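**Student:** sequence plus predicted model, see below.
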Amino acid sequence: MSATATSTTLLDRRNLSFLLYEWLEVERLTERARYADHSRAVFDDVLELAERIASDTFAPHNRAADESEPHLADGQVVLVDGIETALQAFFNAGIAWAGVDQDAGGLALPYVITTASFAFFQAANSSTSGYAMLTIAAANLLLANGSDEQIERFVGPMLEGRFFGTMCLSEAQAGSSLADITTRAELQTDGTYRLFGSKMWISAGEHELSENIVHLVLARIPRAPVGVKGISLFVVPRVIVDPDGSLGERNDIALAGLNHKMGARGTVNTVLGFGEGAHTPGGSAGAVGYLVGEPHRGLAYMFHMMNEARVEVGLAAAALGSTGYLKALRYARERPQGRSLGAKDPSLRQIPIIEHPDVRRMLLAQKSYVEGAFGLLLYCARLVDDEKTLPSAEGRADAHLLLELLTPIAKSWPSQWCLEANSLAIQVHGGYGYARDYEVEQHYRDNRLNPIHEGTHGIQALDLLGRKVRIQGGRAVSLLVDCIGDAVARAQVEGEELAEHGGALSAALQRLVLVTDALWGQAGAAEVALANATVYLEAAGHIVVAWIWLEQLLAAQAGEGAFYEGKRAAGRFFYRYELPKTGPQLDLLGRLDRTVLDADPDCLS
C-alpha cells in the first residue's frame, strides 16, 4: 500500500519484478540450455511489450464489451469494436509464439515469463484475453499430441492469429460428468471421422474474428469402452483446411444459441451442434473431424489443455483481483471522508479514507490475497520450466509431481480469494462501488466465473483429496512437506517475527498431514473424506499460500523502503488474520464429520 506503488491499475510492476527476480530468481534460468539465448533484458522487454499492448488495445474496450454483449445478426455473432484490433495486435507481436520451442518456430521463453506477461492482458480485459488463451492452449495440445500433418495444418495459423481455438467438452445432459457425453464419431473410409452431437458452454465457439475456428471435441467412437476410458479427441475445424493449407468448404457445425452471462460477457459463449445438416461437406452428413493421437485417450490429451487452462484461470482471477485492488487503493487515497478518531471539530478538513483503520484492513486483505495468489501461480509456472529443463530426470519428475499436486489449488484458491478481493474493492468504494460509476463491480462479475469454469471449486477439491494427495503413495505430499520445511528452517534463524510465522506454518502443516492420513486411513472413510473435500481444499490452499508468503518474506527481509514494508505488512496480515482460519477447518476434518452426508435431501426442501 506504499505511496511509491506503480501508477498503473493493471498489475503492480514492482511486485512482479520482486516475485520474478528477487524471489524466484528466474534470471538463473538462462544458465540452462533451453533458455541460454535469453537474458533479464529480454524478459523485461517482453513484459513491457505485454503491458503496452494490454493498456493500449485491450483495456479501452473492456467496459464496452461488458455493456454490449455478443448478439446475433443475420446468423452471425456480432461483437463490439476493439476486440479484433486487440487480438490482431497480440498475435502480430508474436506473443503467442513466445513459449513455443525454437525448432517449432518459437522463442522458447520460460513459461514463468510468458505467464507473467499474459497476466497484463487478463487484468486489462479478461474477456478478450480468453480468445487468445484458448487458442494458445489448443495449439499447445496439438504440439504435444497431434500428428505432424495436424500440427502443420492447424498450429501455425493458430499461433499467427489466423485461426482461433476452442475446447468442446460439456454437453447439456452431462455437464461436468464427462463419462456421460453422447457425441459420437464415425470412422470414414478416408480415415477421417464424422461427428454427431451437441456441445454446451463453448467459449469463443462462433465469431468472425478469424479465418477459421479449430474446435477440439471430445466424442465417442462406436463400441468404445464405457465411461471416460472410451472418450476420444478430434480436431473439428469450422472450415475444412485442404492439404495445401487453403480453406475449403464450411464444416457441418451449427450455432444453436448463445449463452448470456453475469460477467465475462465479451467472450462469446455458445451451444454448438455437430452433424445437424446445416452444412454437409462433400455431400455427406456429419462434421468432419480428425482423430488426435490414439482412440479412447481423448480425456488424457484434453487434460494437457485443461491443466494449462486451470492455471490460466487462476491467473485470470489473480489479475482481476490485482486491478480491483489497485483501483481501490487509488480511490482510498483520493476519496476524503470523515476525520480521525477524536477529531470533533467539523470544520477540520476531511481525511482520505485510507486513514481509517477498517479501510486499511480491507486493503491489506486484498493485497495479501492478490500477492499470495500471484506468488503461487508464478511458482507453478516456474515448476513447468523445471519440469522441462532441470538436468536430472529425478528433478524433472519431482517438479512434475509437485505441479500435479498444486494445480487444483492454483486454480481454486485465487478464484475464491481474489474474488473476495474484488468484493472488498467494491466495499472500499462504498455505494459507488455497487454502482457502475467505477469498474470494480464489473471486475467482481467477471471474476465470479473463475470458481466455475475449467472444473468447479468442488471438482478441484475432489481432484486434490481424491487423487492428487494419493499419487505414488503420497509422494507429492512428501515433496510439498519438504519444500515447506525448508522455508520454515530458513525462517527460524531470520528473526523473531519470521520464526513465529514459520512456527505457525509448521504447526498447520503437521495438522494437515495428520488429517490427510485420518481421512484416508480408515476403512470406509472415503465417503466422509470426499464429502468434506471442499473444506480440505480451502484449508490446504491457505496453508500453501502461507508458505508462499513465508518465501516472499524471506526474500524481502533485507529490503528497505515502502515496498518492502508493504510486503511485510501484507505477510503479517495473512499470518495473523488468515492462516488461523484453518484451525476450525482442520478440527472439522479431523472429526470425520458426517453433517453433509447425514442431511437427507428431502430435509432441504
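**Tutor:** That came in fine, so what should we check first?
**Student:** helix or strand for residue 128, which one?
**Tutor:** Using DSSP states H and E, residue 128 sits in helix 126-145.
**Student:** buried ones in the following helix or strand past that helix, by neighbour count?
**Tutor:** Where DSSP H and E defines the elements, the next helix or strand beyond helix 126-145 is helix 148-150. Residues of helix 148-150 classed as buried: residue 150 (neighbour count, 16 or more other CB atoms under 10 Å). Every residue, glycine included, has its C-beta placed from N, CA and C.
**Student:** hang on, the earlier thing: and the helix holding residue 128, how far out from the chain middle?
**Tutor:** Its chain's average C-alpha position is 12 Å from that of helix 126-145, according to CA atoms, centre = their mean, to the nearest Å.
**Student:** quick check: mean pLDDT of it?
**Tutor:** Throughout helix 126-145, pLDDT has a mean value of 96.
**Student:** for that helix, packing partners?
**Tutor:** In terms of contacts (3 or more CB pairs under 8 Å, 6 or more residues apart in numbering; DSSP states H and E), helix 126-145 is packed against helix 62-67, helix 83-92, helix 111-124, helix 156-159, strand 163-168, strand 212-220, helix 298-334, helix 440-447.
**Student:** need the next SSE after the worst-scoring helix or strand of the chain on mean pLDDT, C-terminal direction.
**Tutor:** Within the chain, no helix or strand scores below helix 526-531, which has a mean of 87 by mean pLDDT, DSSP states H and E. Downstream of helix 526-531, the first helix or strand assigned by DSSP H and E is helix 533-556.
**Student:** for the residue nearest to residue 114 when sequence neighbours are not counted, which residues are in contact?
**Tutor:** For residue 114, ignoring the flanking residues on the chain, the nearest one in space by CB to CB, 6 or more residues apart in numbering is residue 99 at 4.3 Å. Remark: with contacts taken as CB atoms under 8 Å, 6 or more residues apart in numbering, residue 99 is in contact with 106, 107, 108, 109, 110, 111, 114.
**Student:** neighbour-wise, which of the residues you listed leads?
**Tutor:** residue 110 (27 neighbours; other CB atoms under 10 Å).
**Student:** can you list the low-confidence ranges for the stretch 301-450 of the chain?
**Tutor:** Along the stretch 301-450 of the chain, the model assigns pLDDT under 70 to no residue.
**Student:** repeat the analysis, applying 80 as the threshold.
**Tutor:** Across the stretch 301-450 of the chain, the ranges flagged by pLDDT under 80 are 304-306.
**Student:** now the helices for it?
**Tutor:** Per DSSP state H, counting those that start in this stretch, the stretch 301-450 of the chain carries helices over the ranges 357-389, 393-429, 431-434, 440-447.
**Student:** same for the strand or helix carrying residue 461, what does it pack against?
**Tutor:** Residue 461 belongs to helix 457-466 when assigned by DSSP H and E. Other helices and strands packing on helix 457-466, by 3+ CB pairs under 8 Å, 6+ apart, are helix 393-429, helix 526-531, helix 533-556.
**Student:** what residues go with each domain of the protein?
**Tutor:** The record's domain parsing of the chain by automatic domain parsing lists 13-159, 164-296, 457-605.
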